[in-house]
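>>> make a model of this:
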Amino acid sequence: KIKEENFGFFDGRAGDPEAECESIESVIKTQGGIDIAIVGLGMNGHIGMNEPGTSHQLYSHVSDLAAQTIETGQKYFKEATPLSQGLTLGIANLREARHVILVVSGSKKAGIVKQVLEGKISEELPASLMRNHKHFTVYLDAAAARYLQAE
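This next block holds a predicted model:
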């Protein structure tokens, strides 16, 4: 029951990706910021499509995808599809969001979950940058959480 004007999506098929990023920034500004950002975690620690090494100062942008992301991304297509870039909110957008929710499932991600939540905070592990966010919530299934130390 959320009004359509209260949410926005990137159009990955837009002819001008940079203009699409500007459009999303306009939506964010018009709406007074992002209330809730729900994101996933990549096998290499990316959040959204902010690949390792992405500056924490970037807002919406066209991201060059890492080889691992390109390979993993094939699961979303029925046949082999060339991938090289993606549209994403930047780390700066996520850090300014009122709430950030990270959802991770599966044993394949257990190792990277441990690194993100217990390792060094670094742009080389973009999802780790969210640990300093005031309202950062992580939802894991048991398989994804299996390497974490209980406190």
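
>>> so where's this structure uncertain?
151 (pLDDT under 70).

>>> mind listing the strands for it?
Assigned by DSSP state E, the chain shows strands spanning 36-39, 61-64, 85-88, 99-104, 136-140.

>>> buried residues in the first one?
Along strand 36-39, the positions that meet the burial threshold by neighbour count (16 or more other CB atoms under 10 Å) are 37, 39. All C-beta atoms are positioned from the backbone trio N, CA, C, and that covers glycine.

>>> pull up the pairing partners for it, direction included.
Strand 36-39 pairs in its sheet with strand 99-104 (parallel), by DSSP bridges.

>>> so what touches the lengthiest helix in the chain?
When the chain is parsed with DSSP state H, its longest helix is helix 17-30. Residues outside helix 17-30 that contact it (CB atoms under 8 Å, 6 or more residues apart in numbering): 8, 10-11, 14, 34, 59-62, 85, 87, 89, 93.

>>> and those residues as CSV, adding distance to residue 41?
What follows is the contacts of helix 17-30, written out as CSV (distance: CB to CB, whole Å):
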residue, distance to residue 41
8, 22
10, 19
11, 24
14, 26
34, 18
59, 20
60, 19
61, 19
62, 21
85, 20
87, 18
89, 15
93, 17
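
>>> can you pull up the most central residue in the chain?
The residue lying closest to the centre of the chain (CA atoms, centre = their mean) is residue 48, at 1.7 Å.

>>> over to it: give its phi and psi.
phi 60, psi -130 (degrees, to the nearest 10).
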